Structures are given as structure tokens and as C-alpha cells.
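In: give me a model of this one.
(2 chains)
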2 protein chains.
Amino acid sequence: MSFQLDPRLAGDTHLIGELGLSRLLLMDDARYPWLILVPRIAGARELFDLDGSDRATLLAELDTVGRALETLLRPDKFNIAALGNVVPQLHVHVVARYSADAAWPRPVWGIGERVPYEGGALARRVAELREALATVLG
Amino acid sequence: MSFQLDPRLAGDTHLIGELGLSRLLLMDDARYPWLILVPRIAGARELFDLDGSDRATLLAELDTVGRALETLLRPDKFNIAALGNVVPQLHVHVVARYSADAAWPRPVWGIGERVPYEGGALARRVAELREALATVLG
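Out: Numbers count the residues shown, from 1 in each chain, chains lettered A, B, ... in the order given. Predicted structure coming up:
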């Protein structure tokens, strides 16, 4: 069984690039800078499904992505979560939060409707993320 | 500065015990088996505030707690999250979810009102968790 991105995840996101273990996606929701890491491991549902080496790699990738977002966006808080109640394929949300954003202080899930990026905003966000992560994106 | 548990976390939870790095708490919400790990590191707000060694330890503790809950409770899914928009002290939620629970498939945060354990249910839950984690609780 080879890794295939869940079609719902694929439909809601844009590809930023590939990290060593994970596919890095941008949620198409202009309300929040919202990244998703999907380890390219077929059948993984829970963090506990990864072996210790892959878990450590995923944690390192979360750290790298978080530090890049910190430098780029200076959020007030990060929200990091592996939920998967709707899409069981293992994926980890990394959301840069601001005390003035649309959901604050609530979590972002299930709050209002997704607001797709418009005009050049998507291309700009993708470009700045790729630049910030250039050294680690394959 | 020494570690002190945030008073809001303290008020909403019951102590299960101490892991090597983290204080293990039970959210006083009978709707879900809901544990919280709080690394005993003064001033930590983000996962990225932990050094690599502490991050690895926290991940191992999440793994241990998750596997114990898996054996004990057989949930349909785990929800694992570091949010902290309301309580900035670094803490990681580990929620055992069932497809018939009160919030499914939504995340648990901000859904309805907390339902404190009643009667002997709290003591039973604390006891079964302590027993399941006896080998790792200090």
C-alpha cells in the first residue's frame, strides 16, 4: 500500500512542498496561517502508529515549520493538533494564531466557514512559506 | 522561577500523578476521557520552547499515555493538541474520542459545558488510570 493523500485534505489545501517525512500543505483558509503536515506513511492514523524514528522526525519537522512561521509571522500563539475525527489519515495542524483572529481564543476547527484565499494572496503566502522553508523542502 | 501549575488548569483537573517530565492531569469532564500533560518547566508556552531532549521526553510520555489509554479504553480516535489560547502554560491534551461521544466529530474544545464527574465515577477513573500507568508514574 503506497501513501496517497486523503482526497478531502487534498481538496482543502495547497501543496507547499515535501519535507523529509511529511507533505507540507497550506489550508486554503485566509483567516489563519494554517499548515498541515502529513507523514507519507500509508495507513497511519495515530501518532502512536509511527515508529520512534518517524515520530522523532515528525517532531523535528514540526519544530522546523514552527520556527519558520515564528520568524515569518510572529504569531501570538501556535495551535498544534493531531485530531483526525473527520479525516482519519494522520495529519498534524500547525496554526499561527493571533489574539485578533476570527476564532480567538477558541480553536479554529468548526468555527464559521473556511474563507479561501483570493486574488494574489494565495500565491504570495505559498511563496513566502516556500522561501522561509527553502532549506528543508525537497 | 520554579514551575507552578496554572490555577485555571488546576481548577479544572484532578492530579493523576507525575511522569518523568510532565504532570499528568485528568480533566474533570465526564463526557470524555481527557488527560492533560503539563511539562514541569517554568515559563514554557510553546512546544518549541522545550529543548530537544525535553521535547523527545514529552513525546515519549504522550506515547506511553496514549498506549495505556488505548489498552484501557479502546477509543475510536485520539485527539492530541497543544493549544493554550486561554491558558498559555504549555500543556498537551490527550482526549480519547468515540464516534458516539458528545462532540463527535468536532473537537472537544468549546463544545457545551464541562460535566464534572459525579459520585464514585471520578475515583474509579483516577484509579484505573493510575493502575494502567503504574509503571511510569513517580
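In: hey, what's the residue nearest the centre of chain A bridged with?
Out: Centroid check for chain A by Cα atoms, centre = their mean gives residue A:36 as the closest residue, at 1.7 Å. For residue A:36, the beta-bridge partners are residue A:25, residue A:93 (DSSP bridges).
In: show me what contacts it?
Out: Contact partners of residue A:36, counting by Cβ atoms under 8 Å, 6 or more residues apart in numbering or on different chains, are A:9, A:13, A:24, A:25, A:26, A:27, A:91, A:92, A:93, A:94. Every C-beta, even on glycine, is put in place using the N, C-alpha and C of the backbone.
In: where exactly do the helices run in chain A?
Out: Ranges of helices within chain A are A:7-12, A:52-73, A:121-132, based on DSSP state H.
In: and the ones you listed: which comes nearest chain B?
Out: Smallest distance to chain B across the helices of chain A (Cβ to the nearest Cβ): 4.9 Å, for helix A:52-73.
In: what helices or strands is that closest one leaning on?
Out: strand A:22-27, strand A:34-39, strand A:77-82, strand A:92-97, helix A:121-132, helix B:52-73 (3 or more Cβ pairs under 8 Å, 6 or more residues apart in numbering or on different chains; DSSP states H and E).
In: which residues touch that helix?
Out: Counting by Cβ under 8 Å, 6+ apart, A:19-22, A:24, A:33, A:35, A:37, A:39, A:41, A:47, A:50, A:75, A:78, A:80, A:92, A:94, A:96, A:128-129, A:132-133, A:136, B:46-48, B:55-56, B:59, B:63 sit against helix A:52-73.
In: looking at it now, give me its mean pLDDT.
Out: Throughout helix A:52-73, pLDDT has a mean value of 96.
In: between strand A:22-27 and that helix, find me the angle.
Out: Here the directions of helix A:52-73 and strand A:22-27 differ by 40 degrees (axes from the mean of the first three to the mean of the last three Cα atoms, to 10 degrees).
In: check contacts around residue A:24.
Out: Counting by Cβ under 8 Å, 6+ apart, residue A:24 makes contact with A:15, A:16, A:17, A:18, A:35, A:36, A:37, A:65, A:133, A:137.
In: kindly recompute the last result at 10 Å.
Out: By Cβ atoms under 10 Å, 6 or more residues apart in numbering or on different chains, the contact set of residue A:24 is A:13, A:15-18, A:35-38, A:61, A:64-65, A:94, A:129-130, A:133, A:136-138.
In: same deal with residue A:110?
Out: A:86, A:103, B:103, B:105, B:106, B:107, B:109, B:110, B:111.
In: list the contacts for the residue nearest to residue A:102 when sequence neighbours are not counted?
Out: Leaving aside its sequence neighbours, residue A:102 sits nearest to residue A:31 (Cβ to Cβ, 6 or more residues apart in numbering or on different chains; 4.5 Å). By Cβ under 10 Å, 6+ apart, residue A:31 lies in contact with A:95, A:101, A:102, A:103, A:108, A:111, A:112, A:113, A:114, A:115, A:117.
In: pretty sure the fourth one sits against residue A:112.
Out: Yes - taking Cβ atoms under 10 Å as the contact criterion, residue A:103 and residue A:112 are neighbours in contact, 7.5 Å apart.
In: those two: who's more crowded?
Out: With neighbours defined as other Cβ atoms under 10 Å in any protein chain shown, residue A:103 and residue A:112 compare such that residue A:103 has more, 18 against 10.
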